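>>> got a structure for you, letters missing:
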């Protein structure tokens with residue numbers, strides 16, 4: 001009898017995080033893109049979505065990311081649409097923070113005062129080696 005009770009409690013506990021609480025907020029996509037390798041050695045892939053919903057600030061979302069390991073990786077908003085050289089990145093950028101994970105989905109808040117029209121790409125940047133690991137040009141959705 002104790003074993004059945006334990007299993008019921010364990011199953012109930014595991015299911016709890018998947019239960020939806022309330023209605024989902026309307027999410028508006030402000031920008032999209034696809035990550036490409038920074039160069040043949042520093043590689044990354046995945047998708048970019050910049051979004052906003054009724055309850056949260058604007059977010060830069062890196063989706064399905066796969067990045068090769070490297071030190072001091074950051075996520076930058078970059079003015080240049082297609083940065084090919086370190087100077088293209090460092091001329092004008094805004095750091096959104098440290099890369100949270102080499103794989104999977106992750107989200108970064110975009111400051112409220114940032115004008116998205118001033119930025120051309122999102123870059124996963126290695127501050128140690130001053131090189132891009134992944135670059136996604138920001139495209140406005142149709």
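Looks like it arrived, so ask away. Keep in mind it's a predicted model, so treat the numbers as computed, not measured.
>>> is it true that residue 136 touches residue 34?
Yes - using CB atoms under 8 Å, residue 136 is in contact with residue 34, at 5.9 Å. Using the backbone N, CA and C atoms, a C-beta is placed for each residue, glycine as well.
>>> So for those two, which residue has more residues nearby?
Set residue 136 next to residue 34 and count neighbours by other CB atoms under 10 Å: residue 136 wins out with 24 against 13.
>>> so which strand or helix has the closest residue to that one other than its chain neighbours?
Among residues not flanking residue 136 along the chain, residue 33 sits closest, at 3.5 Å (CB to CB, 6 or more residues apart in numbering). Under the criterion of DSSP states H and E, residue 33 resides in strand 27-37.
>>> Relative to the whole chain's centre, how far out is that strand?
Chain-centre distance of strand 27-37: 9 Å, with CA atoms, centre = their mean, to the nearest Å.
>>> Quick one: distance of the next helix or strand after it to the chain centre.
As assigned by DSSP H and E, the chain's next helix or strand after strand 27-37 is strand 44-53. Strand 44-53 sits 6 Å away from the centroid of its parent chain (CA atoms, centre = their mean).
>>> So what are the sheet partners of strand 44-53 and their directions?
Partners of strand 44-53 in the sheet, by DSSP bridges, are strand 27-37 (antiparallel), strand 59-67 (antiparallel).
>>> Find the nearest non-adjacent residue to the spatially most central residue of the chain, please.
Among the residues of the chain, the one closest to the centroid is residue 62, at 2.6 Å (CA atoms, centre = their mean). In space, and not counting its chain neighbours, residue 62 is closest to residue 106: 5.0 Å by CB to CB, 6+ apart.
>>> Okay, angle between whichever strand or helix holds that neighbour and strand 44-53 too, please.
Element membership for residue 106 (DSSP H and E) is strand 103-109. Here the directions of strand 103-109 and strand 44-53 differ by 40 degrees (axes from the mean of the first three to the mean of the last three CA atoms, to 10 degrees).
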